[in-house]
Structures are given as structure tokens and as C-alpha cells.
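Asks: Have a look; sequence and predicted model below, questions after that.
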Amino acid sequence: MSLRLERHKHYVDLVKQRDGFECEVCDRSYGDGFCCSECNFTIHRKCAFVFMLRDLLEHPSHVGHCLKLLTTGAPDHTDPKCHLCGKNTKRLLYHCSVCKLNLDISCIFDYFSNRARLIHSWHHHPLLLFDFRFQLQCDVCHMSHRSGYFCSRCQLVVHKECVSKIESAEITHPFHARHPLKLLTDGAPDYTDPECHICGKETANLLYHCDKCKFNMDIDCAIRNPQRLSLSKLKVHEHTLTLMPKLMFFVCDACGKKGDHAPYTCVQCDFMFFHQKCAYLPLVINVNHHEHRVSYKYPLGPGEWICGVCWEEINWSYGAYSCSSCPNYAIHSRCATRKDVWDGKELDGVPEVIEDIKPFKMNDDNTITHFTHEHNMSLNKVTEERSICEACVLPIDSYTSYKCSKSDCCFILHETCANLPKKRRHFLSPQPLTLRPQSQHKKETICRACDQVFCQGFVYSTYQKQNFDLLCSSITVPFKHGSHDHHLLYLKLEVDHMKTCQNCGIDQKEVVLGCIKCNYFLDFRCATLPYTVRLPRYDDHPLTLCYGEKASGKYWCDICERETNSKTWFYTCKDCGVTLHVFCVVGDIRYAKPGGSINNNVELVPNNRSSRPLCHNCHCHCLGSFILKDFVEDIFCSYYCFSRCKPWMSLMKKEKGICPPWAYK
């Protein structure tokens with residue numbers, strides 16, 4: 001995030017929590033703030049409130065002249081020391097050009113503190129009511145607002161609504177009944193662990209503390225979201241659990257993972273320990289990695305168990321989820337209840353309804369009625385060289401298919417595509433996926449996994465209108481890919497944790513398939529590239545995907561006639577010896593065939609003219625099997641060029657496509 005601070009000539013960037021952050025106002029070395037790369041100017045976010053202050057028309061120590069805020073240090077012709085406290089001023093100071101007088105920010109803070117509007121018993125400094133020009137996080141509710149009370153001496157921020165929530169500077173709390181807890185407003189003391197002893201989170205400026213026991217408790221646990229001292233009638237345990245409010249190392253019996261703070265314990269079971277979250281584990285749930293319900297079981301029982309999500313070993317002496325229908329299937333408790341695995345619904349006591357997911361009704365041995373088509377379809381074993389499957393938009397060729405019985409209807413499906421279930425569970429979504437023909441959508445869409453446009457064919461969708469194409473939704477984990485020796489697992493990336501695809505080199509921010517042990521990752525676009533492809537120009541021989549090789553000579557693409565990088569993936573014909581760019585072979589639009597459209601305004605036209613047209617964006621000859629033509633007759637060689645030339649019509653918010661090789665200047 002970049003913004004402009006008043007009186008500072010450059011834009012500044014937000015820097016998140018980092019030690020060693022040298023602020024130009026205070027002496028604290030931690031916290032988040034703003035940094036200017038142009039002049040190495042750094043200031044904490046809360047200290048930046050000084051930029052909200054206007055020039056001082058008067059000051060008790062200097063009456064009659066205006067004091068102006070400077071951001072570049074004391075002028076060369078003046079003494080750099082503050083004329084009140086005698087300390088050296090920093091880059092931020094107030095200055096009188098008439099008297100050549102300097103005042104540091106600390107002395108100005110003292111001046112504002114004396115003018116503060118609120119004096120509260122729980123804080124040792126007065127609080128000043130401010131209208132912030134950018135959002136600051138309240139130290140009580142942790143929500144960001146533009147107004148509130150501010151302590152200029154210790155940078156404490158409290159919203160108006162939160163002032164009354166803190167009743168006193170000293171409380172007695174059931175989690176630490178031996179001694180009263182005192183409210184601290186400038187962070188945990190250096191002699192203690194800064195973590196909250198109840199929830200384990202880092203304490204902020206405001207916390208309650210016992211100096212005799214070195215005990216810390218943040219505001220959330222003390223006021224906003226207090227934990228219960230005892231728990232009973234739980235799903236995963238029959239006895240009452242009691243909270244142990246202290247920092248201690250333990251192994252949770254419910255999930256088998258280590259913990260370091262405030263477990264719930266069962267005295268009746270020889271001090272079984274539970275994480276606070278694990279005490280509330282559901283009993284019966286659905287997960288997107290398995291077709292049946294799974295139930296919590298403690299202990300899991302003897303055997304060699306492998307987790308169906310992370311594919312790591314499960315210690316059978318602890319709790320886990322298992323399937324009663326599949327005796328060898330089990331999942332770690334933490335893996336089963338992840339947000340990207342579980343839909344959040346507890347199914348204990350809910351009767352299981354078996355849905356009919358069959359995509360067609362069998363009329364006789366050779367005739368079916370498919371749910372996507374109004375006419376009956378007959379089994380067809382005749383080679384269909386020119387027919388395209390309505391589901392996967394690939395040639396039927398010699399594969400067995402189902403064809404519409406009506407002579408004037410050309411609807412046809414591969415036998416395998418006709419058998420695709422109407423509903424399925426898949427790791428790409430915690431909600432079940434529903435099969436729909438693309439024609440039911442008003443517009444073509446983008447696959448949420450591979451970020452590629454597709455404008456024909458079938459699609460799997462969630463009720464939240466998230467769409468996945470057939471290739472991505474057909475992947476199962478662990479996924480074996482020819483480019484790597486080990487299995488690849490599905491990884492849902494955390495915020496600000498990007499992974500780079502081993503093939504195309506594009507950073508992925510949401511989902512990848514990867515081997516963490518080898519630091520090897522593939523995005524879904526590259527992972528689903530077809531291993532063999534047939535092009536009209538190479539009818540006699542199939543093209544095979546090559547995962548790079550060490551070669552001393554140069555390779556040239558036979559389509560765009562530009563050099564290929566032998567270390568990256570390319571297509572090759574083993575009989576002819578030709579090499580082709582991946583983009584030149586498969587393009588960047590899936591399930592595309594001439595006659596389709598994009599955004600109802602861009603038509604896919606066969607690129608079969610005697611002379612190749614020029615792309616409106618890259619000004620190169622269009623080399624693909626079809627071209628994109630919009631309503632004003634502009635021609636584009638690929639969706640990449642279309643989205644960059646006309647972003648207002650593009651489906652992609654952030655294009656991740658690879659630039660066509662022929663478009664490189």
C-alpha cells in the first residue's frame with residue numbers, strides 16, 4: 001500500500017511488523033509503519049499522526065511566531081538540539097525560521113498531552129481526541145477506524161466506543177485468581193514472554209499482567225472473547241475439561257499436535273490434554289477429499305495410517321477422523337477441519353441422504369437420456385473424425401461415444417464424458433461441485449484453479465458460482481506428474497505466501513500443486529497440459545510434451561520460428577524432430593472451437609486464410625488455429641493480447657497468462 005504523507009514529497013510504502021524499524025519520531029524498534037525508498041525515511045504508523053498536526057501558531061515556550069513541521073532535519077544554519085530539552089532533534093521537528101528555534105517531537109507531544117480532552121483512571125497519560133486521516137487500529141478491539149483517542153506519549157489508540165470497555169487499571173480474573181492483574185498500556189515487560197498465556201497470541205500495547213507470576217493476558221481473553229474455565233457435554237470427550245491457564249508444552253490427545261499454552265485437561269483420564277480449538281471438534285463431518293462421511297475416533301487404533309489430505313503418517317494413539325465405509329481411510333483432526341477441506345457443517349444426528357448423481361437414465365443396452373440433452377442418445381462405436389465432444393471439446397476420433405438419435409442434431413459425448421457424475425466432492429472446494437453445460441451460463445467464464453478462459457464445454461460449479469473446468473476438476477491427490485519423481489499435493493496458499501511454477505515461472509498466490517520436500521511447484525495450467533497433442537499440420541505424428549532437457553545447441557519452434565528454451569517445457573515430435581512452444585500448441589483458451597464467443601462480443605474465427613492477419617495488440621501475425629475478432633472487427637492472436645488491449649472487456653482481473661512467443665519484441 002502506497003500513500004502520500006503531507007509535507008513529505010515522496011510516496012511511502014506500508015511495512016508490516018518488523019524488528020529493527022528505526023522510527024524518525026520515537027525510540028521503539030518494533031511495529032509496522034511507513035518507509036520511503038527515495039530518502040530512507042521511516043516512521044511508525046501510529047507516530048505518523050504527527051503529519052496530521054497543523055503548523056503551530058503558538059507554543060507556551062515560544063509565543064508570537066509560527067512553528068512549522070520540517071521532515072528533513074534541522075536547517076544547516078541552526079543548532080540541531082531541541083531548545084527545550086537539549087536533546088538532538090531527528091528529521092522530524094518543529095522550527096521557527098524567525099528565531100531559528102528548534103523543538104523536537106517529544107516536546108510537542110508534551111504540549112498536546114497538556115491539552116488532552118480525556119483523563120482516565122486506567123491510563124497514566126491524558127488522551128487526545130483525534131480525527132485520523134488514515135485508519136489506525138484500536139488497541140482494544142483491533143478494528144481500524146479514522147477517529148478515536150490517542151496518547152501522544154505511548155502511541156496508544158482507543159476508539160470512543162472502547163474507552164468504556166476497560167473498567168479499571170486492576171482486575172481479578174478467574175484465569176489467575178491468586179493475584180490481581182494490572183493493566184499495562186506500553187506492552188509486555190522485557191522479563192516476560194510477550195505471548196498471552198491463554199490464547200498464545202502476541203500481546204499488543206494493552207494487556208493485563210501479574211508481575212509476581214510473570215503472567216500475561218491480552219484484552220481479547222480478558223474482555224472481548226474470554227475462554228470458559230470448564231467445558232462439558234462435548235462431542236469428542238465424555239468428561240468435563242478444565243482450562244489450565246499457563247504456558248506449558250503438551251501433546252494434544254485430540255489431534256496429536258504439540259501445544260505451548262493453556263490446554264484443556266481431563267483429570268479423570270490421567271490428564272488428557274486438548275488444544276482449545278480441539279475441545280470443540282465436531283463428531284461427524286463431510287470432507288472434500290472423500291466421498292463418504294468421516295467420524296471422529298479416539299484413539300484411532302493400531303495400524304499404519306496415512307492422512308488422506310496431507311499424506312503424512314497418523315499416530316494411531318491419538319484422535320483422528322476415519323470412514324466407516326472405507327476401513328483404511330483416515331485424516332488428521334487438524335487436516336479434516338481446515339476451512340478449505342470442511343464446509344463447517346456438523347452432521348452428528350443428521351440423517352444421511354444418498355443423492356442420485358448418475359448423469360443419465362439407461363433406457364436399454366444402447367440408449368440413454370442424458371440430463372444435459374433433451375433427446376435420447378445412442379451408443380456409437382464408429383470413428384467420428386470431425387465430431388467434437390460437447391463436454392470436453394476434444395475430437396471424438398475412434399473413442400466410443402454417445403450420439404443424439406435425431407439425424408438433424410449433432411450433439412455427441414465421449415462415453416467417459418457422458419459418465420461424469422452430476423455432483424462430486426473435490427479438493428478444489430469445500431462445497432460439492434455440480435456439473436453444468438457451459439450453455440447454461442450467460443457468459444463464458446474463468447476456471448478458478450488454472451485462471452484460463454473457457455467458452456464451451458461442461459463446467460463444475462459451486463453454489464457460490466465458482467467454476468472449475470473438467471481438466472482441473474479431474475485431478476486427484478496425490479497427483480503424479482511426469483516432470484517430478486514424487487507425488488504432488490494440493491496446496492492452498494496463505495496470504496502473502498506465493499509459489500513459483502517450475503515451468504512457466506509465474507508466481508501463484510492462491511493454489512498450486514507441489515512437493516514441499518523438494519520445493520517443487522506447478523500451477524494448474526501447467527499441471528494439466530496434455531501429454532500428447534495432434535495438430536492438423538502434424539496429422540501423421542502425435543506431439544509429445546517434453547519437460548526440458550540439457551542441450552548445448554539451439555532449438556527453434558516450427559510454428560512461430562522463434563527460439564525455444566530447451567530447459568523449459570516444449571512439445572516435440574519424436575519422428576520429425578520438430579520442437580514447438582507450449583503456447584504455440586495449446587494457446588490460452590480452453591475448450592475453444594471456431595464459432596464460439598467471448599463476452600458475447602468476441603468471436604472465435606478459424607485462422608484458415610491464405611495470409612495470416614495481424615494482431616491488433618502485438619502487431620504480429622496470428623499463428624494459432626483460430627483468432628479472436630471483436631464487434632469492431634479488431635483481430636487478436638490470443639486472449640492475452642485481447643485482455644491487454646481491451647481490459648474493460650476482459651474477464652481476468654489480473655492476467656496471469658504467458659505472452660505469446662511471437663509477441664516478444
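Replies: On my side now, so go ahead. Numbers count the residues shown, from 1 in each chain.
Asks: What strand or helix carries residue 94?
Replies: Using DSSP states H and E, residue 94 sits within strand 93-96.
Asks: okay, that strand in PDB with CA atoms only?
Replies: The C-alpha coordinates for strand 93-96 follow below in PDB (Å, rounded to 0.1, in the frame of the first residue of the first chain):
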ATOM      1  CA  LEU A  93      11.000  18.600  14.200                       C
ATOM      2  CA  TYR A  94       9.200  22.000  14.600                       C
ATOM      3  CA  HIS A  95      11.100  25.100  13.600                       C
ATOM      4  CA  CYS A  96      10.800  28.800  13.800                       C
END
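Asks: Distance from the chain centre to the following helix or strand past it, please.
Replies: The C-terminal neighbour of strand 93-96 among helices and strands, as given by DSSP H and E, is strand 101-104. With CA atoms, centre = their mean, to the nearest Å as the basis, strand 101-104 stands 47 Å off its chain's centre.
Asks: Name the surrounding residues that touch strand 101-104.
Replies: 59, 61-62, 67, 74, 78-85, 87, 89-90, 93-95 (CB atoms under 8 Å, 6 or more residues apart in numbering). Placement of C-beta: from N, CA and C, glycine included.
Asks: Counting by contacts, list what the helix or strand containing residue 216 packs against.
Replies: Element membership of residue 216, judged by DSSP H and E, is strand 215-218. Other elements packing on strand 215-218 under the criterion 3 or more CB pairs under 8 Å, 6 or more residues apart in numbering; DSSP states H and E are strand 176-184, strand 207-210.
Asks: which one of those is the most hemmed in?
Replies: strand 207-210 (a mean of 23; mean count of other CB atoms under 10 Å).
Asks: partners of that one, with directions?
Replies: strand 176-184 (antiparallel), strand 215-218 (antiparallel) (DSSP bridges).
Asks: Out of the ones you listed, which is closest to residue 337?
Replies: strand 215-218 (24.4 Å; CB to CB).
Asks: ranges for the helices of the stretch 1-150 of the chain?
Replies: For the stretch 1-150 of the chain, helices defined by DSSP state H, counting those that start in this stretch occupy the ranges 105-114.
Asks: got it, and the stretch 301-450 of the chain?
Replies: 333-336, 415-418.
Asks: helices or strands next to the first one in the packing?
Replies: Taking 3+ CB pairs under 8 Å, 6+ apart as contact, the helices and strands that helix 333-336 lies on are strand 320-322.
Asks: Please state the mean pLDDT value computed over stretch 658-665.
Replies: Throughout stretch 658-665, pLDDT has a mean value of 71.
Asks: Okay, now the unreliable bits of the stretch 351-500 of the chain?
Replies: 439-444, 496 (pLDDT under 70).
Asks: if we can go back for a sec, deepest of the helices of the stretch 301-450 of the chain, which one?
Replies: Scoring the helices of the stretch 301-450 of the chain by how many neighbours each averages, mean count of other CB under 10 Å, gives helix 333-336 as the top one, at a mean of 24.
Asks: Give me the distance between residue 183 and residue 47.
Replies: When distance is defined by CB to CB, to the nearest Å, residue 183 is 23 Å away from residue 47.
Asks: ok, residues contacting the strand holding residue 94?
Replies: When contacts are defined by CB under 8 Å, 6+ apart, strand 93-96 is touched by residues 56, 59, 62, 65-70, 73-75, 78, 82, 101-105, 108.
Asks: Residue 236 against residue 254, yeah?
Replies: Yes. If you go by CB atoms under 8 Å, residue 236 and residue 254 touch, sitting 5.9 Å apart.
Asks: Overlap of the contact sets of those two?
Replies: Joint contacts of residue 236 and residue 254 (CB under 8 Å, 6+ apart) are 274, 278-279, 281, 298, 319.
Asks: follow-up on the earlier one: for the strands paired with strand 207-210, give me JSON lines that also has distance to residue 577.
Replies: Shown next, in JSON lines, are the strands paired with strand 207-210 (distance: least, CB to CB, whole Å):
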{"stretch": "strand 176-184", "distance to residue 577": "74"}
{"stretch": "strand 215-218", "distance to residue 577": "67"}
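Asks: okay, those in a markdown table with distance to residue 491 and mean pLDDT next?
Replies: A markdown table is the format used below for these (distance: least, CB to CB, whole Å; pLDDT from 0 to 100):
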| stretch | distance to residue 491 | mean pLDDT |
| --- | --- | --- |
| strand 176-184 | 40 | 88 |
| strand 215-218 | 31 | 89 |
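Asks: So for residue 346, which of these sits nearest?
Replies: strand 215-218 (28.9 Å).
Asks: what distance separates that closest one from the middle of the whole chain?
Replies: For strand 215-218, the separation from the chain centroid amounts to 31 Å (computed by CA atoms, centre = their mean).
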